[in-house]
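Participant: Need a 3D model of the following:
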Amino acid sequence: MSPSLKDRLVEALTALRLVSPEDLAKALATQKAQGGGLSDILVGMGLVEAKALVAVLSQELQIPPINLTKIQLDHALTTALPRRMAVYYQLVPVSLLGGTLAVAMADPLNILALDEVTAATGLALTPLIATKGQVQAAIQELYGDTVAQAVQALTAQDAASGVEIIEMARAPARQAEELIRLTQETPVVRVTDALLQQGVAVRASDILIEPFERRLRIRYRVDGLLQEADSPPLAMHEGIVSRLKVMASLDIAEHRLPQDGRFQLQFGGQSVDFRLAIVPSSFGEKVVLRVLDRRQATLDLARLGFDPATIEMLLTAARRPHGMLLVTGPTGAGKSTTLYALLKAVDSPTHNVVTVEDPVEYAMAGINQVAVNADIGLTFAACLRAILRQDPDVILVGEIRDSETADIAIKAALTGHLVLSTLHTNDAIGAVARLMNMGVEPFLISASLVLVGAQRLLRKVCTACKATVPLPKHLAHPFGLDPGNVIRVAQGKGCPACKGSGYHGRLGIMEVLHLDGAVRAMITAGAKEQEIRAHARTVGMRMLRELAIQRMLDGVTTPEEALRVTVGA
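Facilitator: Next comes the predicted model:
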């Protein structure tokens, strides 16, 4: 159940007094502890009938209800809606008139399902609301086995075999042959594929699979924030992890040590890369998958959201024949994507461009990309030494992590090479102190650095439900605004397109430290960060908070998001 649907259901049940506040609190507590949909829990606890829930939601959402037990299902419609989509998105084809397909579903606010099916079939969809039980029964009648039944079959199989799902850290390891068989079971394959497909569908950058004592939790990181999703039973955890290990060519019998790998899948004719990291935890192996979807990768500085002045400064620095350009920020701030966009902008047949990455995230045509492998001694520093003997013009170093890499990169920038890299610092000026802490002499920093950009990603207000509201007076002070003035700002009300969050997509902001003669002299002389910052502001440097405020006043993001992203910057 989508977050917006859950909120509306709670409000409607409370207003109509169909469920007492005490019973509703119990149901919400049960959902938090066990997971699953609120409507399923309410029905399962006997607090409300499924038909009554459908009536409430139909009235609240103004979507027609349908009783699937009272109509004759048309098997001919299965050609219009393939089995894979019907099972995955839990849709029942009801009628087809012209180019419009009416579908019954338990969650009619699942706009992603509607969009994906429309894109794949070319049909316009009209949603109808039905009970979850009726939808599952209808899918079974039309298509055969469902994912829910497949999960139930696997759980029953485990029980029949005498396998008891207990705390994974204390459970005896299964034999490799048994694990291989488990990964080939149809239910495991279907559920694993569904988890990956849903992650791609919601534009997730990461998929987290986390086992706990009594349940399995699935979370997707969307637009920088984690959101919980419906999860399979805990009994399926080992099968899912083993399946992922097989896909990534990892050791399925190893449960005690961390493992890393990657694999590639096809979705809608496009390749999507998944980077897999497995770590043993108290109740089993925790899995995090980084989703590298080329369709979501925007390697264009303007489309990343930077303003024209920032783009011009970046391109001017990246077109220099030598020097170092650094992009700083926390993990997930889009630093690598910005460097890729810069490489794409400056790459030409006359340049020898080489990257050193851990790992290579996106393959770029015409660019030599090298992945580090610390296990065999192929570190960033070792790669850099080798690359410098291959006549490079432009070198991208994924991250400067240690003093050795910093020293080689700085010297490369001083000897006729353009070096692009990243650092983990809160602001642009902090990069200078970070390099000094790595042992780089101040005069080398001032001589090699061309530009430092500190980057953040702001969530954008959903354009489908965007509204303007007065800026709350208590937020005026943090932004340096007069609370006496009425300032209108954007706010997303929450809708199916953004799944109730009020946000959809992100854009970049970057404070840029351009190293002019005065800044270089201050660095060489060992000036404090505050002194460098004061000078930079006198010559026009805009800080991250100021850039976020401007985006807020432009109606692109919200005050809360501007504050959240720029805390500590």
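
Participant: isn't residue 92 right next to residue 138, touching?
Facilitator: Yes - at 4.3 Å, residue 92 and residue 138 qualify as touching, with contact defined as C-beta atoms under 8 Å. Glycine gets a C-beta too; all of them are placed from N, C-alpha and C.

Participant: end to end, how far does stretch 414-433 reach?
Facilitator: Taking C-alpha to C-alpha, to the nearest Å, stretch 414-433 runs 19 Å from one end to the other.

Participant: Give me the phi and psi for residue 110.
Facilitator: With angles defined as degrees, to the nearest 10, residue 110 shows backbone torsions of phi -80, psi 80.

Participant: now residue 222
Facilitator: phi -120, psi 130.

Participant: State the distance from residue 494 to residue 118.
Facilitator: Residue 494 sits 22 Å away from residue 118 when distances are taken as C-beta to C-beta, to the nearest Å.

Participant: on that earlier part again, of residue 92 and residue 138, who's got more company?
Facilitator: Neighbour totals were compared for residue 92 and residue 138, and residue 92 leads with 27 against 24 (other C-beta atoms under 10 Å).

Participant: Compare residue 494 and residue 118 (neighbour count), which wins?
Facilitator: Of the pair residue 494 and residue 118, residue 494 is the one with more neighbours under other C-beta under 10 Å, namely 20 against 13.

Participant: tell me the contacts of that one?
Facilitator: The contact partners of residue 494, by C-beta atoms under 8 Å, 6 or more residues apart in numbering, come to 4, 7, 462, 465, 500-502.

Participant: now swap in residue 474 and tell me
Facilitator: Residue 474 makes contact with no residue, according to C-beta under 8 Å, 6+ apart.

Participant: any idea how far it lies from residue 489?
Facilitator: As judged by C-beta to C-beta, residue 474 and residue 489 stand 13 Å apart.

Participant: Give the residues shared as contacts by those two.
Facilitator: Counting by C-beta under 8 Å, 6+ apart, residue 474 and residue 489 have no shared contacts at all.

Participant: before we move on, the earlier item: can you select the buried ones among the contacts of residue 494 for me in PyMOL?
Facilitator: A single PyMOL command selects the buried members of the contacts of residue 494 (16 or more other C-beta atoms under 10 Å):
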select buried, resi 4+462+465+500+501+502
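
Participant: Just put the contacts of residue 494 in TSV and tack on pLDDT.
Facilitator: Formatted as TSV, the entries for the contacts of residue 494 read as follows, by pLDDT from 0 to 100:
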residue	pLDDT
4	54
7	71
462	89
465	89
500	80
501	84
502	89
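
Participant: Between which two of the contacts of residue 494 is the distance greatest?
Facilitator: 7 and 462 (15.6 Å; C-beta to C-beta).

Participant: which residues touch the closest residue to residue 468 other than its chain neighbours?
Facilitator: Using C-beta to C-beta, 6 or more residues apart in numbering and skipping the chain neighbours, the partner closest in space to residue 468 is residue 488 (4.6 Å). The neighbours of residue 488, taking C-beta under 8 Å, 6+ apart as the test, are 468-471.

Participant: which of those lies closest to residue 52?
Facilitator: Of all the contacts of residue 488, the one sitting nearest residue 52 is residue 469; the distance, using C-beta to C-beta, is 34.9 Å.

Participant: so where's the stretch 101-250 of the chain uncertain?
Facilitator: Low-confidence segments of the stretch 101-250 of the chain, defined by pLDDT under 70: 144-186.
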